[in-house]
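Asker: A predicted structure for the sequence below; I have some questions about it.
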Amino acid sequence: MGDTFMTIVAIALAAILMFIFPLMTMADRTDDVAQLTVETATTDFVDGIRSTGKITPEEYNSFIQTINSTGNLYDVEMEVKVLDENPGKKTVQVEREKIGENVYYSIYTSQILDVIAPETGTPKTYGLKEGDRISVKVKNTSQTLAQQLKNFFYTVIGNDTYTIAAENAGIVSTTGN
């Protein structure tokens, strides 16, 4: 009886070592590749916006297509902080370095998408001006294979957490037309 039990345990342990651990390792590597892809795409997207001063529907669709090519679903949050130069006076200040003179107000993802990807009508380019700030945050909303395996074996990761995320921000250097 003892030999039979030990044989069953040895077979189960061998199966885990031969199949489960390599599968977990490959799933982790897939997540690493997806992470790198999302970080690179986010950086390129924000740098393109910073250098051109505009968010075009084509660039946005290309960005979404690139991150979705990893096989996961993502939540993309964009924020544009628009420079409202000296809102209390009618004249435009030439000096931007004055403390307390410049005020920023925020435009969020839904407002930007209403311009570049409207429900009805034609998409338009969202223009920015020099000094505006752009911020893009991306995180996965679907569970990857690595997350599912870790949930099964370790029960460490919850359903609402993410493993693939990227964030990039910068100041627009050119006024878009």
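Answerer: Yep, that arrived.
Asker: check which helix or strand Ser173 maps to.
Answerer: Under the criterion DSSP states H and E, no helix or strand holds Ser173.
Asker: could you do Tyr162 as well?
Answerer: Tyr162 belongs to no helix or strand, assigned by DSSP H and E.
Asker: any idea how far Leu83 is from Arg50?
Answerer: To Leu83, Arg50 is 14 Å away according to Cβ to Cβ, to the nearest Å. In short, each C-beta sits where N, CA and C put it, glycine included.
Asker: what of Val136?
Answerer: Using Cβ to Cβ, Val136 is found at 18 Å from Leu83.
Asker: helices or strands up against the longest helix belonging to the chain?
Answerer: When the chain is parsed with DSSP state H, its longest helix is helix 21-52. For helix 21-52, the packing partners by 3 or more Cβ pairs under 8 Å, 6 or more residues apart in numbering; DSSP states H and E come out as helix 57-68, strand 133-140, helix 145-153, strand 165-171.
Asker: can you tell me which of the ones you listed is nearest to Ala14?
Answerer: Within those, the stretch nearest Ala14 is helix 145-153; the backing value is 16.8 Å (Cβ to Cβ).
Asker: what mean pLDDT does the closest one have?
Answerer: In this model, helix 145-153 has an average pLDDT of 77.
Asker: point out the other helices and strands that that helix packs with.
Answerer: helix 21-52.
Asker: helices or strands next to the very next helix or strand once past the helix it packs on in the packing?
Answerer: Following helix 21-52 in sequence order, the next helix or strand is strand 54-55 (DSSP H and E). Contacts defined by 3+ Cβ pairs under 8 Å, 6+ apart place strand 54-55 against strand 126-127.
Asker: give me the distance from the strand it packs on to the chain's centre.
Answerer: 20 Å (Cα atoms, centre = their mean, to the nearest Å).
Asker: please list the residues outside that strand that contact it.
Answerer: Outside strand 126-127, the residues that touch it by Cβ atoms under 8 Å, 6 or more residues apart in numbering are Gly53, Lys54, Ile55, Thr56, Val80, Ile112, Val115, Ile116, Thr175, Gly176, Asn177.
Asker: what's the answer for stretch 139-154, then?
Answerer: 20, 23-24, 27-28, 30-31, 34, 38, 72-75, 156-157, 159, 161-166.
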